[in-house]
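**Student:** Make a model of this:
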Amino acid sequence: MFGSRRGMIAVGAIAAVTAVLLAGCSSSSSTLSGNSGTKAKTSIVVGSANFSENEILADIYGQALAANGYHVSYKLNIGARAAYVPALEKGEVNLIPEYSGSILAYLSKSATASSSADVKAALDAALPASLKALTPSSAADSDSLNVTPAFAAKNGLSSIADLSKLSTVKIAANPEFQTRPDGIKGLQSIYGLTNLKFTAISDGGGPATLKALLDGTVDVADIYSTTPSILANKLVTLSDPKSLFASQEVVPIVSSSKVDAKLTSVLNKVSAALTTQDLLALNTEVSGDSKTAPADAAKAWLAKAALF
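**Tutor:** Residues are numbered from 1 along each chain as shown. Here you go, the predicted structure:
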(Lines give C-alpha, C1' and ligand atoms only; values in the text may rest on other atoms or scores of the structure.)
Protein backbone atom coordinates (compact mmCIF):
# COMPACT_ATOMS: atom_id res chain seq x y z
CA MET A 1 0.00 0.00 0.00
CA PHE A 2 2.78 -6.30 -4.89
CA GLY A 3 1.85 -8.22 -7.77
CA SER A 4 4.20 -9.16 -10.59
CA ARG A 5 7.89 -8.56 -10.12
CA ARG A 6 10.38 -7.44 -12.72
CA GLY A 7 12.71 -10.08 -14.13
CA MET A 8 15.99 -10.67 -12.39
CA ILE A 9 18.94 -8.71 -13.74
CA ALA A 10 22.50 -9.90 -14.01
CA VAL A 11 24.15 -11.00 -10.79
CA GLY A 12 26.93 -8.46 -11.16
CA ALA A 13 24.44 -5.61 -11.51
CA ILE A 14 22.55 -6.79 -8.42
CA ALA A 15 25.75 -6.79 -6.41
CA ALA A 16 26.56 -3.27 -7.56
CA VAL A 17 23.12 -1.97 -6.69
CA THR A 18 23.19 -3.72 -3.32
CA ALA A 19 26.45 -1.98 -2.48
CA VAL A 20 24.97 1.41 -3.31
CA LEU A 21 21.79 0.70 -1.38
CA LEU A 22 23.76 -0.31 1.69
CA ALA A 23 25.45 3.08 1.55
CA GLY A 24 22.19 4.92 0.98
CA CYS A 25 19.45 3.47 3.15
CA SER A 26 19.56 5.65 6.25
CA SER A 27 16.46 7.65 7.17
CA SER A 28 18.47 10.31 8.93
CA SER A 29 18.94 13.81 7.59
CA SER A 30 22.50 13.11 6.47
CA THR A 31 23.32 13.41 2.77
CA LEU A 32 23.65 10.25 0.69
CA SER A 33 26.03 10.50 -2.26
CA GLY A 34 25.63 8.67 -5.53
CA ASN A 35 27.42 9.13 -8.85
CA SER A 36 29.06 12.42 -9.84
CA GLY A 37 27.01 15.09 -11.56
CA THR A 38 25.72 18.60 -11.12
CA LYS A 39 25.04 18.64 -7.40
CA ALA A 40 22.42 21.38 -7.56
CA LYS A 41 20.35 19.26 -9.94
CA THR A 42 20.96 15.90 -8.32
CA SER A 43 20.59 16.91 -4.67
CA ILE A 44 17.14 15.82 -3.51
CA VAL A 45 15.50 16.35 -0.12
CA VAL A 46 12.91 13.63 0.44
CA GLY A 47 10.20 14.24 3.02
CA SER A 48 7.33 12.31 4.53
CA ALA A 49 4.15 12.78 6.49
CA ASN A 50 4.06 11.65 10.11
CA PHE A 51 2.98 8.02 9.72
CA SER A 52 5.02 4.92 9.07
CA GLU A 53 3.71 3.95 5.61
CA ASN A 54 4.60 7.34 4.20
CA GLU A 55 8.04 7.10 5.77
CA ILE A 56 8.52 3.68 4.14
CA LEU A 57 7.55 5.13 0.76
CA ALA A 58 9.88 8.08 1.25
CA ASP A 59 12.71 5.66 1.99
CA ILE A 60 11.90 3.54 -1.07
CA TYR A 61 11.88 6.50 -3.45
CA GLY A 62 14.90 8.09 -1.77
CA GLN A 63 17.00 4.93 -1.82
CA ALA A 64 16.11 4.34 -5.47
CA LEU A 65 17.36 7.83 -6.31
CA ALA A 66 20.55 7.30 -4.27
CA ALA A 67 21.18 4.06 -6.18
CA ASN A 68 21.00 6.07 -9.39
CA GLY A 69 23.49 8.77 -8.52
CA TYR A 70 21.43 11.33 -6.62
CA HIS A 71 22.56 13.03 -3.41
CA VAL A 72 19.63 12.30 -1.10
CA SER A 73 18.81 13.72 2.32
CA TYR A 74 15.66 13.22 4.36
CA LYS A 75 13.18 15.27 6.37
CA LEU A 76 10.85 12.59 7.68
CA ASN A 77 7.73 12.76 9.86
CA ILE A 78 7.17 16.42 9.04
CA GLY A 79 3.49 16.31 9.98
CA ALA A 80 0.23 16.69 8.10
CA ARG A 81 -0.22 18.47 4.74
CA ALA A 82 -0.59 21.85 6.40
CA ALA A 83 3.06 21.46 7.44
CA TYR A 84 4.70 19.72 4.49
CA VAL A 85 2.91 21.22 1.47
CA PRO A 86 4.30 24.70 2.27
CA ALA A 87 7.75 23.09 2.66
CA LEU A 88 7.36 21.58 -0.81
CA GLU A 89 6.23 24.89 -2.29
CA LYS A 90 9.24 26.68 -0.76
CA GLY A 91 11.67 24.06 -2.04
CA GLU A 92 12.72 23.03 1.48
CA VAL A 93 11.60 19.52 0.49
CA ASN A 94 11.81 18.27 -3.10
CA LEU A 95 9.85 15.02 -3.02
CA ILE A 96 7.04 13.62 -0.91
CA PRO A 97 5.02 10.46 -1.59
CA GLU A 98 1.37 11.47 -1.73
CA TYR A 99 -2.06 9.92 -2.20
CA SER A 100 -3.73 11.28 -5.30
CA GLY A 101 -7.25 11.92 -4.05
CA SER A 102 -6.24 13.35 -0.69
CA ILE A 103 -3.67 15.80 -2.03
CA LEU A 104 -6.18 16.91 -4.67
CA ALA A 105 -8.80 17.52 -1.98
CA TYR A 106 -6.27 19.53 0.01
CA LEU A 107 -5.31 21.70 -2.96
CA SER A 108 -8.78 22.11 -4.46
CA LYS A 109 -11.65 22.36 -2.01
CA SER A 110 -14.18 22.15 -4.86
CA ALA A 111 -12.68 19.05 -6.49
CA THR A 112 -15.22 16.36 -7.42
CA ALA A 113 -13.04 13.92 -9.41
CA SER A 114 -13.14 10.32 -8.21
CA SER A 115 -11.73 8.02 -10.93
CA SER A 116 -7.96 7.50 -11.25
CA ALA A 117 -7.68 9.36 -14.55
CA ASP A 118 -9.92 12.24 -13.50
CA VAL A 119 -8.10 12.65 -10.19
CA LYS A 120 -4.70 12.77 -11.92
CA ALA A 121 -5.91 15.34 -14.46
CA ALA A 122 -7.43 17.50 -11.73
CA LEU A 123 -4.29 17.16 -9.62
CA ASP A 124 -2.07 18.30 -12.50
CA ALA A 125 -4.27 21.38 -12.86
CA ALA A 126 -4.36 22.11 -9.12
CA LEU A 127 -0.63 21.90 -8.41
CA PRO A 128 1.37 25.13 -8.51
CA ALA A 129 3.93 25.47 -11.29
CA SER A 130 6.71 24.72 -8.81
CA LEU A 131 5.45 21.16 -8.24
CA LYS A 132 4.80 18.21 -10.51
CA ALA A 133 2.94 14.93 -9.95
CA LEU A 134 4.64 11.97 -11.61
CA THR A 135 2.87 8.83 -12.83
CA PRO A 136 0.75 7.33 -10.03
CA SER A 137 1.34 3.80 -8.82
CA SER A 138 -1.34 1.12 -8.86
CA ALA A 139 -0.62 0.86 -5.12
CA ALA A 140 -3.40 2.61 -3.27
CA ASP A 141 -4.19 3.39 0.33
CA SER A 142 -7.53 5.03 0.86
CA ASP A 143 -9.21 6.59 3.85
CA SER A 144 -11.61 4.13 5.42
CA LEU A 145 -14.07 4.58 8.26
CA ASN A 146 -13.88 1.80 10.82
CA VAL A 147 -15.83 0.70 13.89
CA THR A 148 -15.35 -2.11 16.38
CA PRO A 149 -17.24 -5.38 15.73
CA ALA A 150 -19.27 -4.86 18.90
CA PHE A 151 -20.30 -1.33 17.90
CA ALA A 152 -21.24 -2.48 14.40
CA ALA A 153 -23.35 -5.36 15.72
CA LYS A 154 -25.06 -3.25 18.37
CA ASN A 155 -26.06 -0.53 15.89
CA GLY A 156 -26.52 -2.53 12.70
CA LEU A 157 -23.72 -0.79 10.83
CA SER A 158 -22.23 -1.92 7.52
CA SER A 159 -21.97 1.30 5.49
CA ILE A 160 -21.24 4.96 6.10
CA ALA A 161 -24.89 5.69 5.38
CA ASP A 162 -25.89 3.59 8.39
CA LEU A 163 -24.32 6.16 10.71
CA SER A 164 -27.44 8.26 10.21
CA LYS A 165 -29.20 5.86 12.60
CA LEU A 166 -27.23 7.23 15.54
CA SER A 167 -28.04 10.37 17.49
CA THR A 168 -24.35 11.26 17.84
CA VAL A 169 -21.28 9.86 16.09
CA LYS A 170 -17.89 10.55 17.62
CA ILE A 171 -15.31 10.31 14.83
CA ALA A 172 -11.51 10.52 15.02
CA ALA A 173 -9.22 11.47 12.14
CA ASN A 174 -6.30 13.72 11.21
CA PRO A 175 -6.97 17.43 11.90
CA GLU A 176 -7.38 18.29 8.20
CA PHE A 177 -10.27 15.81 7.96
CA GLN A 178 -12.45 18.44 9.60
CA THR A 179 -12.21 20.78 6.59
CA ARG A 180 -11.49 18.39 3.71
CA PRO A 181 -14.29 18.10 1.13
CA ASP A 182 -14.00 14.33 1.52
CA GLY A 183 -13.92 14.62 5.31
CA ILE A 184 -16.52 15.96 7.72
CA LYS A 185 -17.90 18.31 5.07
CA GLY A 186 -18.39 15.43 2.65
CA LEU A 187 -20.00 13.23 5.28
CA GLN A 188 -22.46 16.05 5.89
CA SER A 189 -23.17 17.00 2.27
CA ILE A 190 -22.96 13.58 0.58
CA TYR A 191 -24.31 11.32 3.32
CA GLY A 192 -26.43 13.88 5.17
CA LEU A 193 -24.75 13.17 8.50
CA THR A 194 -25.49 16.05 10.84
CA ASN A 195 -24.74 14.06 13.98
CA LEU A 196 -20.93 14.13 13.89
CA LYS A 197 -18.66 15.09 16.76
CA PHE A 198 -15.07 15.39 15.55
CA THR A 199 -11.90 14.53 17.46
CA ALA A 200 -8.57 15.43 15.85
CA ILE A 201 -5.74 12.93 16.37
CA SER A 202 -2.53 13.65 14.48
CA ASP A 203 -1.16 10.18 13.79
CA GLY A 204 -2.64 9.22 10.42
CA GLY A 205 -4.90 6.52 11.81
CA GLY A 206 -2.08 5.12 13.92
CA PRO A 207 -1.83 3.83 17.52
CA ALA A 208 -3.46 6.83 19.21
CA THR A 209 -6.42 6.74 16.81
CA LEU A 210 -6.77 2.98 17.26
CA LYS A 211 -6.64 3.30 21.05
CA ALA A 212 -9.37 5.94 21.02
CA LEU A 213 -11.56 3.60 18.95
CA LEU A 214 -10.92 0.48 21.01
CA ASP A 215 -11.44 2.16 24.39
CA GLY A 216 -14.66 3.82 23.26
CA THR A 217 -13.43 7.41 23.31
CA VAL A 218 -14.71 7.63 19.73
CA ASP A 219 -17.19 5.54 17.74
CA VAL A 220 -15.59 5.74 14.30
CA ALA A 221 -11.98 6.09 13.20
CA ASP A 222 -10.53 7.13 9.86
CA ILE A 223 -7.75 4.58 9.29
CA TYR A 224 -5.88 4.08 6.04
CA SER A 225 -7.04 0.92 4.31
CA THR A 226 -3.64 -0.80 4.26
CA THR A 227 -3.11 -0.42 8.02
CA PRO A 228 -2.50 -3.87 9.59
CA SER A 229 -4.44 -2.94 12.74
CA ILE A 230 -7.71 -3.18 10.80
CA LEU A 231 -7.31 -6.92 10.33
CA ALA A 232 -5.46 -7.48 13.61
CA ASN A 233 -8.37 -6.02 15.60
CA LYS A 234 -11.11 -7.36 13.30
CA LEU A 235 -12.42 -3.86 12.74
CA VAL A 236 -15.47 -3.39 10.54
CA THR A 237 -14.70 -1.10 7.61
CA LEU A 238 -17.87 0.73 6.60
CA SER A 239 -18.58 0.59 2.88
CA ASP A 240 -18.67 3.85 0.91
CA PRO A 241 -21.59 3.43 -1.54
CA LYS A 242 -21.60 7.12 -2.51
CA SER A 243 -17.84 7.22 -3.24
CA LEU A 244 -16.95 9.90 -0.71
CA PHE A 245 -13.31 8.86 -0.87
CA ALA A 246 -11.72 9.37 -4.28
CA SER A 247 -9.01 7.31 -5.94
CA GLN A 248 -5.95 7.27 -3.68
CA GLU A 249 -2.98 5.95 -5.62
CA VAL A 250 0.51 6.60 -4.35
CA VAL A 251 2.02 9.43 -6.41
CA PRO A 252 5.36 11.22 -5.99
CA ILE A 253 5.04 15.01 -5.81
CA VAL A 254 8.34 16.54 -6.90
CA SER A 255 9.84 20.01 -7.22
CA SER A 256 9.54 20.95 -10.89
CA SER A 257 13.13 22.22 -10.86
CA LYS A 258 14.35 18.70 -10.07
CA VAL A 259 12.30 16.88 -12.70
CA ASP A 260 14.14 15.59 -15.75
CA ALA A 261 14.05 12.41 -17.83
CA LYS A 262 16.36 10.47 -15.50
CA LEU A 263 14.56 11.30 -12.27
CA THR A 264 11.19 10.63 -13.89
CA SER A 265 12.39 7.24 -15.15
CA VAL A 266 13.73 6.17 -11.75
CA LEU A 267 10.63 7.17 -9.80
CA ASN A 268 8.22 5.81 -12.40
CA LYS A 269 9.95 2.41 -12.27
CA VAL A 270 9.43 2.29 -8.53
CA SER A 271 5.79 3.36 -8.80
CA ALA A 272 5.09 0.79 -11.51
CA ALA A 273 6.48 -2.02 -9.35
CA LEU A 274 4.58 -1.12 -6.17
CA THR A 275 1.25 -2.78 -5.46
CA THR A 276 -1.31 -2.43 -2.71
CA GLN A 277 -0.37 -5.85 -1.36
CA ASP A 278 3.24 -4.68 -1.09
CA LEU A 279 2.11 -1.74 1.02
CA LEU A 280 0.17 -4.01 3.36
CA ALA A 281 3.17 -6.35 3.67
CA LEU A 282 5.56 -3.47 4.32
CA ASN A 283 3.25 -1.95 6.92
CA THR A 284 2.92 -5.30 8.67
CA GLU A 285 6.69 -5.74 8.69
CA VAL A 286 7.29 -2.32 10.21
CA SER A 287 4.42 -2.20 12.71
CA GLY A 288 4.16 -5.93 13.46
CA ASP A 289 6.16 -8.12 15.81
CA SER A 290 9.39 -7.80 13.81
CA LYS A 291 9.42 -3.98 14.18
CA THR A 292 11.63 -3.59 11.12
CA ALA A 293 12.92 -0.05 10.61
CA PRO A 294 11.22 1.67 7.65
CA ALA A 295 14.58 2.22 5.90
CA ASP A 296 15.45 -1.48 6.25
CA ALA A 297 12.06 -2.57 4.93
CA ALA A 298 12.50 -0.19 1.99
CA LYS A 299 15.98 -1.54 1.23
CA ALA A 300 14.74 -5.14 1.26
CA TRP A 301 11.82 -4.31 -1.04
CA LEU A 302 14.09 -2.58 -3.55
CA ALA A 303 16.52 -5.51 -3.52
CA LYS A 304 13.67 -7.96 -4.13
CA ALA A 305 12.16 -5.82 -6.87
CA ALA A 306 15.55 -5.65 -8.65
CA LEU A 307 14.63 -2.55 -10.62
CA PHE A 308 18.07 -1.05 -11.16
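
**Student:** Residue 60 reaches residue 273, doesn't it?
**Tutor:** No: assessed by C-beta atoms under 8 Å, residue 60 is found out of contact with residue 273, at 9.5 Å. Using the backbone N, CA and C atoms, a C-beta is placed for each residue, glycine as well.

**Student:** In the stretch 1-150 of the chain, where is pLDDT below threshold?
**Tutor:** Across the stretch 1-150 of the chain, residues meeting the criterion (pLDDT under 70) sit at 1-40.

**Student:** Quick one: the strands in it, in order.
**Tutor:** Secondary structure of the stretch 1-150 of the chain (DSSP state E, counting those that start in this stretch): strands at 43-47, 71-75, 95-99, 131-133, 145-147.

**Student:** Of those, give the one that comes closest to residue 155.
**Tutor:** Between residue 155 and those, the tightest spacing by C-beta to C-beta is seen for strand 145-147, at 8.1 Å.

**Student:** what does the closest one rub up against?
**Tutor:** Under the criterion C-beta atoms under 8 Å, 6 or more residues apart in numbering, residues 157, 160, 171, 213, 219-223, 230, 235-238, 240 lie in contact with strand 145-147.

**Student:** which among those residues gets closest to residue 109?
**Tutor:** For these, with residue 109 as the reference and C-beta to C-beta as the criterion, the closest is residue 222, at 18.2 Å.

**Student:** burial of that closest one, as a residue count?
**Tutor:** Other residues near residue 222 come to 21 when the count uses other C-beta atoms under 10 Å.

**Student:** Excluding chain neighbours, what is closest to it?
**Tutor:** With C-beta to C-beta, 6 or more residues apart in numbering as the measure, residue 173 is the residue that lies nearest to residue 222, at 3.6 Å, once sequence neighbours are left out.

**Student:** my read: the one you found touches residue 224, true?
**Tutor:** No: Residue 173 is beyond contact range of residue 224, at 10.6 Å (criterion: C-beta under 8 Å).

**Student:** Can you pull the residues that touch both of the two?
**Tutor:** Shared contacts of residue 173 and residue 224, counting by C-beta under 8 Å, 6+ apart, come down to 143, 205.

**Student:** The residue nearest to residue 222 bridge partners, please.
**Tutor:** Residue 173 forms beta bridges with residue 200, as assigned by DSSP bridges.

**Student:** who does residue 45 bridge with?
**Tutor:** Applying DSSP bridges to residue 45 yields these beta-bridge partners: residue 73.

**Student:** any idea of the pLDDT on residue 166?
**Tutor:** Reading off the per-residue confidence, residue 166 sits at a pLDDT of 98.

**Student:** Run through the residues that contact it.
**Tutor:** For residue 166, the residues meeting the contact criterion (C-beta under 8 Å, 6+ apart) are 155, 195, 219.

**Student:** Those in strands, which ones?
**Tutor:** Secondary structure assignment (DSSP state E) places none of the contacts of residue 166 within strands.

**Student:** most neighbours, which of those residues?
**Tutor:** Of the contacts of residue 166, residue 219 is surrounded by the most neighbours, 21 neighbours in total, counting by other C-beta under 10 Å.

**Student:** those strands in the stretch 201-308 of the chain, which residues are they?
**Tutor:** Read by DSSP E, counting those that start in this stretch, the stretch 201-308 of the chain holds these strands, from start to end of the chain: 220-222, 236-237, 250-255.

**Student:** Now render those as JSON lines, adding distance to residue 142.
**Tutor:** As requested, the strands of the stretch 201-308 of the chain are exported to JSON lines (distance: least, C-beta to C-beta, whole Å):
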{"stretch": "strand 220-222", "distance to residue 142": "10"}
{"stretch": "strand 236-237", "distance to residue 142": "10"}
{"stretch": "strand 250-255", "distance to residue 142": "11"}
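
**Student:** quick one: which of the ones you listed is nearest residue 73?
**Tutor:** With C-beta to C-beta, the closest approach to residue 73 among those belongs to strand 250-255: 13.6 Å.
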